[in-house]
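Asker: Compute the structure for the input listed below.
(6 chains)
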4 protein chains.
Amino acid sequence: MSSFENDTYTAIANAVALEEGRLSPKKRLAVFAAVECFAELGYEGTSTKMIADRAEIAEATIFRHFGTKSQLLMRIAEPVVKHLLAPAVHQEAEALMAQHKGNLKEIARAILKSRLAFLRLYEPLVKILLQEILVNEDLRVMIITQVAPVIKRASGNIMANSSGPLPEHERMMRSIVSLLLGYFFHRSFLQPDREWDDDGEVDFLVNLVFHGFGFDPIEKRP
Amino acid sequence: MSSFENDTYTAIANAVALEEGRLSPKKRLAVFAAVECFAELGYEGTSTKMIADRAEIAEATIFRHFGTKSQLLMRIAEPVVKHLLAPAVHQEAEALMAQHKGNLKEIARAILKSRLAFLRLYEPLVKILLQEILVNEDLRVMIITQVAPVIKRASGNIMANSSGPLPEHERMMRSIVSLLLGYFFHRSFLQPDREWDDDGEVDFLVNLVFHGFGFDPIEKRP
Amino acid sequence: MSSFENDTYTAIANAVALEEGRLSPKKRLAVFAAVECFAELGYEGTSTKMIADRAEIAEATIFRHFGTKSQLLMRIAEPVVKHLLAPAVHQEAEALMAQHKGNLKEIARAILKSRLAFLRLYEPLVKILLQEILVNEDLRVMIITQVAPVIKRASGNIMANSSGPLPEHERMMRSIVSLLLGYFFHRSFLQPDREWDDDGEVDFLVNLVFHGFGFDPIEKRP
Amino acid sequence: MSSFENDTYTAIANAVALEEGRLSPKKRLAVFAAVECFAELGYEGTSTKMIADRAEIAEATIFRHFGTKSQLLMRIAEPVVKHLLAPAVHQEAEALMAQHKGNLKEIARAILKSRLAFLRLYEPLVKILLQEILVNEDLRVMIITQVAPVIKRASGNIMANSSGPLPEHERMMRSIVSLLLGYFFHRSFLQPDREWDDDGEVDFLVNLVFHGFGFDPIEKRP
DNA sequence: GATGAATGAGGTTTCATTCAT
DNA sequence: TATGAATGAAACCTCATTCAT
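Answerer: Here you go, the predicted structure:
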């Protein structure tokens, strides 16, 4: 049995508590077991009985607290996405920019590292979101609603700090997100047992974003 | 009801027929309806009754032909991944390299375009794979088994045709795949109703990969 | 609908309750209906829906309590065979021997009568066991496991109380069991509507076992 | 795979052919596979698909030849019970009596041996009959109809050849049948892998029937 | 707050059987 | 004669959910 005593579950519990108020012990266990099961088996692949068994509580207790299974998912996913993703990114970006004043590459590196740490911290929830976003209308709407302004603001920040005119903000943002999620997906979900060098990867990505792969010195722009 | 008469479903039927032998009309319909339902609602979210109804066949007919629901998924997914992805990529890469001899950028552009076309052609199947890969052990193993050698060979080809020493093949391959899938995911699944400029995106990605975003000319390496 | 209020069903419920703990009313009904159906139609010939209908409960209730149809059978059959057959036989044999000290024929008569009463009390269950023992591996193993030591001990008791050397214990035990079951099978299953004289049959069997049919006047007892 | 080339299956095929006319090869295979499956798994536990698979024929072929599954059972069981059991017993009993004129014990021994050989020859069918007689109305009626007169005649024969007044024919017949079937059941179905001494058992049973177990030395024959 | 009991609806799968070829 | 394809009905079982305690 997993004891649920680690940073990940503490962080999730804190996020959920922000919206639900203090969690009773069994409600807390329900949240943890639900996250674990949903991440392992998918939302549809998980039965409320499984959750109850893993949490060692009665099935009815889950319904007492969350009403329906789909509410259970949403009331865990939403606070995590909302209260932790949204404000944190903004504040943090500001702070990093202040810290590395002017040095775009350093700022990029710092942001990517922090985002990667964030993904790692919320790994099971990220897995749930990635799976369900394709299939669960409610969740997709919620995520888009929550994430869109963050992306927009972050994009704006980068632009404001760059020297020249920058077109294609969206493509750039999408590229960065794709690269980071692509890496995270590989390291955490496809081959979780390999040794991974997160810092090395971030360096690589920063270089890619600033200079490309560096294939052909001769073909470089003047 | 969807009539299933388009390139996508023809291509899928052909791929499946390679492993199953000629498909009887109802078996063919079962395949189409299954792909549609799985893509829309996910594997677990789809009932065999839904598939039968959409195909306008009896539920039992599905089981007569595929044994179990999970076999139904695998016996559609595997041939598509196997017979169409694997050999095609290789031959095509060779052809493109011959065609654009030496011009790496042109080769990259051509490959990305062709891969994007491929993703578009098999869009519903790609959606199924993306969802289930996180949750379905069998499917994940199958995909990794089929895809790994292709990636490796493709990677080797690129390397062989480049002038300088090229480290980090894997990171480069992963980056390209991430960028392409990230774009495709956005355009086809998150905002399928927007207007998208596939060629423009490919150009953007090729540039990114060869030169980066081009943020700061002053900071360039010597 | 059968009201299930008779010695047979009370005895079965008591036996089952020994292993399952107090039976909720619907669980009790499920047990009764299952016994009735299995006895009438055989295990394979009975559907869980039939049982539910006869018990006037929901089908799901059966599965909530017993998990699977085959568990339903086993968790009824095992306690009846185990808790009622095994210890009872032993104690009773001791008691009878004490009571009829030395008089082997009286002991035999008493034992056969009591075993016949036992078969009558558990008639539907006996029917189930007789049918399924040929076809159901689990049940066969369970029965053999439970019955073997009882037979052995009973055999030992007879031997210990007999005056001369007694070979062929097993054949003797088998013969007695065959005779008793053969009679019971005929009276209860093949021609249940005839009038039967249980005491007369026991007398006949005791005589057979002690003296044979008495075919030959020359060889007859004095 | 069983090749079905042995006395048992030849005997069954001959019996069935008496009523069905010459069996086409596939029909023959269907009969064999059906007997094997019914004996192993019971009538209800066997699906027509299993039979078809084991016979390596198409399921539809079974229905072409036998109409329904229950007809399949009856049209195998009935001829075996009818054409082989009924006349054989009579003729044989006559012959044995002629051969061992007057010697009741020898006659009994010979009859028991021959009946045991018969049970062994038709072992799978005996198993089917024993199982289904409790549960299958049609089969039970058929068996009783076929067996009753044989029993009666056999009983009459014994009586006619005995010296003294013989009451309780039925009990005697039942006892003998019980003893023989009890032994056969044990040796062939409960512990088929043990070494069994059929002749020894028959001797034991004949002695039992003529003299009892011989418990009491005082009452023993001189 | 927590639960054991109960269930209607629906899930996947199996079945005996039909029919066109 | 033999069969591959097809199916309606029903099998076993799971599910999310309700309710009395």
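Asker: what residues are up against the closest residue in space to residue A:107 that isn't next to it in sequence?
Answerer: Excluding the flanking residues, the one nearest residue A:107 by C-beta to C-beta, 6 or more residues apart in numbering or on different chains is residue A:100, at 4.9 Å. Where you see a C-beta, it was placed from the backbone N, CA and C, and this is true even at glycine. Residue A:100 is in contact with A:106-107, A:110, counting by C-beta atoms under 8 Å, 6 or more residues apart in numbering or on different chains.
Asker: one more time with 10 Å, if that's ok
Answerer: A:106-111 (C-beta atoms under 10 Å, 6 or more residues apart in numbering or on different chains).
Asker: filter those to the buried ones?
Answerer: A:107-111 (16 or more other C-beta atoms under 10 Å in any protein chain shown).
Asker: Of these, which is the nearest to residue D:128?
Answerer: Nearest to residue D:128 out of these is residue A:111 (C-beta to C-beta; 76.5 Å).
Asker: if we can go back for a sec, so which pair among the contacts of residue A:100 is furthest apart in space?
Answerer: The largest separation in those, counting by C-beta to C-beta, is between A:106 and A:111 at 9.7 Å.
Asker: Give the intersection of the neighbour lists for these two.
Answerer: Common neighbours of residue A:106 and residue A:111 (C-beta under 10 Å, 6+ apart) are A:96-97, A:100, A:206.
Asker: Among those, which are located in helices?
Answerer: Per DSSP state H, helices hold the following members of the shared contacts of residue A:106 and residue A:111: A:96-97, A:206.
Asker: which one of those has the most neighbours?
Answerer: residue A:206 (22 neighbours; other C-beta atoms under 10 Å in any protein chain shown).
Asker: Hmm, residue A:140 is touching residue B:189, no?
Answerer: Yes. Counting by C-beta atoms under 10 Å, residue B:189 is a contact partner of residue A:140 at 8.9 Å.
Asker: between those two, what contacts are shared?
Answerer: Taking C-beta under 10 Å, 6+ apart as the criterion, residue A:140 and residue B:189 both touch A:133-134.
Asker: picking up where we left off before, just the shared contacts of residue A:106 and residue A:111 now: which is nearest DNA strand E?
Answerer: Proximity of those to DNA strand E was ranked by C-beta to the nearest atom of the strand; the top entry is residue A:96 with 41.1 Å.
Asker: What separation do you get for the closest one and residue A:176?
Answerer: 15 Å (C-beta to C-beta, to the nearest Å).
Asker: do residue A:29 as well
Answerer: 37 Å.
Asker: Residue A:12 too?
Answerer: For residue A:12 relative to residue A:176 (C-beta to C-beta), the value is 25 Å.
Asker: what sits against residue A:64?
Answerer: Listed by C-beta under 10 Å, 6+ apart, the contact partners of residue A:64 are A:26-27, A:30, A:57-58.
Asker: quick one: the strand or helix carrying it to chain centroid distance?
Answerer: According to DSSP states H and E, residue A:64 maps onto helix A:59-66. Here helix A:59-66 is found 27 Å from its chain centre; the criterion is C-alpha atoms, centre = their mean, to the nearest Å.
Asker: Pull the most distant pair out of the shared contacts of residue A:106 and residue A:111.
Answerer: Taking C-beta to C-beta, no two of those sit farther apart than A:97 and A:206, at 15.4 Å.
Asker: Tell me if stretch A:29-46 is near DNA strand E.
Answerer: No. Using C-beta under 7 Å from any atom of the strand, stretch A:29-46 stays clear of DNA strand E, with a minimum separation of 8.4 Å.
Asker: What strand or helix carries residue A:16?
Answerer: helix A:7-20.
Asker: which parts of that helix are buried?
Answerer: Those would be A:8-9, A:11-13, A:15-17, A:20, for helix A:7-20 by 16+ other C-beta under 10 Å.
Asker: for stretch A:199-217, same thing?
Answerer: A:201-202, A:204-213, A:215.
Asker: same question, stretch A:61-69
Answerer: So for stretch A:61-69, counting by 16+ other C-beta under 10 Å, buried means A:61-63, A:65-66, A:69.
Asker: Stretch A:67-87 too?
Answerer: Buried, per 16+ other C-beta under 10 Å, within stretch A:67-87: A:69, A:72-85.
Asker: Can you confirm whether that stretch lies near DNA strand F?
Answerer: Yes. Stretch A:67-87 reaches DNA strand F (C-beta under 7 Å from any atom of the strand) through A:67-70.
Asker: Following element in sequence after the worst-scoring helix or strand of chain A on mean pLDDT, please.
Answerer: Lowest on mean pLDDT, DSSP states H and E among the helices and strands of chain A sits helix A:86-99, with a mean of 71. Counting by DSSP H and E, the next helix or strand C-terminal to helix A:86-99 is helix A:104-121.
Asker: helices or strands up against that next one?
Answerer: Helices and strands touching helix A:104-121, by 3 or more C-beta pairs under 10 Å, 6 or more residues apart in numbering or on different chains; DSSP states H and E, are helix A:7-20, helix A:86-99, helix A:123-132, helix A:137-160, helix A:169-184, helix A:198-211.
Asker: so which of the ones you listed gets nearest residue D:3?
Answerer: Nearest of those (C-beta to C-beta): helix A:123-132, 52.4 Å.
Asker: and the closest one, what does it pack onto?
Answerer: Using 3+ C-beta pairs under 10 Å, 6+ apart, helix A:123-132 sits against helix A:7-20, helix A:25-41, helix A:69-79, helix A:104-121, helix A:137-160, helix A:169-184, helix B:123-132.
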